[in-house]
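Asker: my questions concern the predicted model and sequence given below.
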Amino acid sequence: MGALFCIIPLLGHTQGFVYARLQGQPLMNTAGWSLIGAAGIGDTNGDVDTFSNEMILVPPTNNNSGAVFYNQPLDLSLCTRWSARFDFRMWEGTAADGIAFCFLDIPPAGFVSGGGVGIPTNGNGLKVVFDTWDNGCGANPEVQIYSGPGYNECIAGIVKVNNTNGNLSFMRSNNYHAVQVDYDSGFVSVMIDSVVWLSGVYAPANYVGYLGFTSSTGGATDRHSIRDVVIYTEGTSLLGFQSIDTTRRLPIIEAECYSDSLWVRTRGKFRCTSVDSTGSDLRLYSPAGVPIPIYRVRSFCTDGRSDSLLIVLATQLVQSGNHHLVVRNGLDGNPILGDCNSRIDDFDSLTIRVVNCYVYSRPVNMLNVSVTPNNQGLNLIWESPPGIDPDFFRGYRLQRNDRPEGRQWRDMAFITQLSDTLYYTEEPNPTQDSRDFRLILQVYYNPDCAPGDSIGSIFLTDPSGFLADATLFDGRLSWLPYSEAWASPRYELWMSRPDAGPDSQRVATTTDTFLDFSKPRELGRFRLHVHTINDQDGRYARSNYLEFSIDELELEVYNVVTPNGDGVNDAFYIRYIEAYPQARVRLFNRWGQSVYDRVAYANDYQPADLEAGSYVYVIEVPGKTPLQGILRVQR
């Protein structure tokens, strides 16, 4: 299998590696540039802002010169393609010399003052000149290209287009004009404001030099400035050959499953010293984004440069789909370096489509989480992965999250039998909070499947604490919804008396996740739990239980009776008397004679046989002080 790095042509609409910038907001960044003579950052009237984001090469005074050059040299014998983009402005005076964009074989020093557009007299190289002063060699303004030593407007070998028909008069104005200068193996093209003025001019410069700008005013005046300078050199990027998709600019190459190496080539040369043999310059990612380790990288070099790499992997490619070979900065802090001081851009990538691997990626979902009746454990159920090849099944990673609102998942078990889809886990106190559970299916030669849908146990709570308060009988219960397990669950609240046996009583049914509950008016210990049943398949989920006790009920006597049959106060009513079945209730008239005596009173005595008047009641509860008072019977 093969793969390659290929250099993308820089010219036209394609941009390559950014070799140099002279930009910035609100202050132009000049790092890496040498400012010479009158050059300095500032602001002109050529834009709407007041920021110092422009490079003023010369002010509007006579016999001034200024220059700015990038300090890093460029070898055009290796770097045969580059492009410069910038804006220029020439205004505020009497049409002084002009601005030159240059590639010179000398370091940026020793520039002339006054005329000559600031170009050093001993500077050999390429000059692209925007000349606004007429020295008698054609109507100005002019666009000129010259390659060689020195410069003047009339020098032999200069190629230009002049202003004979007034078509270049726009060059000198209060506005900025966008320029693109392209260099391709010695051929130069110049474009201003998207119009090509010179194209395919042969002006070779096959040596080491420096790129930058010069300017001068000579005997006239103008303020010359530039801004938004970006210089691109030929960049290197990852491409494929023998592509299975020739319609893409970045082709896709195909590899058989279980390959353990990749052959990589480049169309241009790279520096062997910039390649880390441990593979830290490259990352290989599976379709799921999981890194595939690289064992080593070998390059085959001549004179320190090469066009081929062998990438040996630490493991086989075992998953079908699009893998991505990505360039990153290596351990030396640099990426793979090419000619033109370029590098393969960080995160540039090549797609490698691996075929004929067994693929299974369907998540496995939890089906049910139910608290055991003793409140000491949880029963978990999940689905069996449909259609999986058992030979590739590795296991289930069972995970839990003890914070319902968080995502702090941790492994709790690993199940290696495909048929095992049930699991019991002890939970000493599930009334403290909810537990959330999910599964991650592991398949041999595949990355872990995405986590399946999680389910949390139904967590029943008493938010106000009324169950533990002996003075409160009414309050609201709430619980976490179980809609993650099945749609529109219907909840049932059940109450039991553990001291009396396992039988439970259904208290209420609701589709809400809260319920207003009243405690029973009887003594004893009680438990409450919520459960829900899936009507489609019978799955049953139970919550934790909450326990409360009613140890004592303070009797409250309604001391007026009107036994007239109207349904209001017809009977002698003692609140909570039903909680004391051994209690004895007696009534005495004013002469101390007993007129009523009963054990296990049920609030059902209507004293129709008694005359209107006052009677003494005595209520005797075993173990308590008798309660007595006056009962008034009214007609």
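Answerer: Happy to help now that I have it.
Asker: burial of the residue nearest to residue 181 when sequence neighbours are not counted, as a residue count?
Answerer: Once flanking residues are discounted, residue 181 sits nearest to residue 84: 4.5 Å by CB to CB, 6 or more residues apart in numbering. For glycine as for every other residue, the C-beta is placed from the backbone atoms N, C-alpha and C. If you count neighbours by other CB atoms under 10 Å, residue 84 ends up with 22.
Asker: and residue 84, what element?
Answerer: Following DSSP states H and E, one finds residue 84 within strand 81-91.
Asker: the residue nearest to residue 181 touches residue 211, doesn't it?
Answerer: Yes - the pair residue 84 / residue 211 is scored as a contact, 7.0 Å apart, by CB atoms under 8 Å.
Asker: need the residues touching each of those two.
Answerer: 101, 231 (CB atoms under 8 Å, 6 or more residues apart in numbering).
Asker: next SSE after the strand holding residue 84?
Answerer: Next along the chain from strand 81-91, counting by DSSP H and E, comes strand 98-104.
Asker: direction included, what does that next one pair against?
Answerer: Strand 98-104 sits in its sheet next to strand 124-131 (antiparallel), strand 208-216 (antiparallel), going by DSSP bridges.
Asker: where does pLDDT dip in the stretch 51-200 of the chain?
Answerer: 108-115 (pLDDT under 70).
Asker: helices and strands around the strand holding residue 84, which ones?
Answerer: Secondary-structure packing of strand 81-91 (3 or more CB pairs under 8 Å, 6 or more residues apart in numbering; DSSP states H and E): strand 98-104, strand 173-184, strand 208-216, strand 223-233.
Asker: quick one, which of those is nearest to residue 353?
Answerer: Nearest to residue 353 among those is strand 223-233 (30.7 Å), distances taken as CB to CB.
Asker: got the angle between the closest one and strand 124-131?
Answerer: Calculated by axes from the mean of the first three to the mean of the last three CA atoms, to 10 degrees, strand 223-233 forms an angle of 130 degrees with strand 124-131.
Asker: pull out the buried residues from strand 223-233.
Answerer: Using 16 or more other CB atoms under 10 Å as the burial criterion, the residues of strand 223-233 that qualify are 223, 224, 225, 226, 227, 228, 229, 231, 232, 233.
Asker: now do the same contact list for the second one.
Answerer: Shown in contact with residue 224 (CB under 8 Å, 6+ apart): 56, 57, 58, 66, 88, 89, 90, 96, 98, 99, 215, 217.
Asker: got it, and the fourth one?
Answerer: Contacts for residue 226 were tallied using CB under 8 Å, 6+ apart; they are 22, 54, 55, 57, 68, 86, 87, 88, 89, 99, 213.
Asker: now do it, the pLDDT please.
Answerer: Per-residue pLDDT puts residue 226 at 98.
Asker: one more: the last one?
Answerer: As predicted, residue 233 sits at a pLDDT of 84.
Asker: from what I can see it touches residue 81, true?
Answerer: Yes - the criterion here is CB under 8 Å, and residue 233 meets it with residue 81 at 7.4 Å.
Asker: any idea how far residue 550 is from residue 461?
Answerer: The gap separating residue 550 from residue 461 is 20 Å, by CB to CB, to the nearest Å.
Asker: typo on my end, it should be residue 470
Answerer: 19 Å.
Asker: okay, these two: which has more neighbours?
Answerer: residue 461 (18 against 14).
Asker: which residues in the stretch 451-600 of the chain form helices?
Answerer: Using DSSP state H, counting those that start in this stretch, no helices are found in the stretch 451-600 of the chain.
Asker: sketch out the low-pLDDT regions of it for me.
Answerer: In the stretch 451-600 of the chain, residues with pLDDT under 70: 501-502.
Asker: just the strands in it please.
Answerer: Using DSSP state E, counting those that start in this stretch, the strands of the stretch 451-600 of the chain run over residues 455-456, 460-461, 474-479, 491-496, 504-510, 514-518, 524-533, 540-542, 546-550, 556-558, 560-561, 573-575, 584-588, 594-599.
Asker: output the contacting helices and strands for the fourth one.
Answerer: Just to be clear, that refers to strand 491-496. By 3+ CB pairs under 8 Å, 6+ apart, strand 491-496 packs against strand 504-510, strand 514-518, strand 524-533.
Asker: please identify the deepest-packed of those strands.
Answerer: Greatest average neighbour count among the helices and strands packed on strand 491-496 goes to strand 524-533 (a mean of 20), per mean count of other CB atoms under 10 Å.
Asker: list the pairing partners of it within its sheet, with orientation.
Answerer: Its sheet considered, strand 524-533 pairs with strand 491-496 (antiparallel), strand 540-542 (antiparallel), strand 546-550 (antiparallel) by DSSP bridges.
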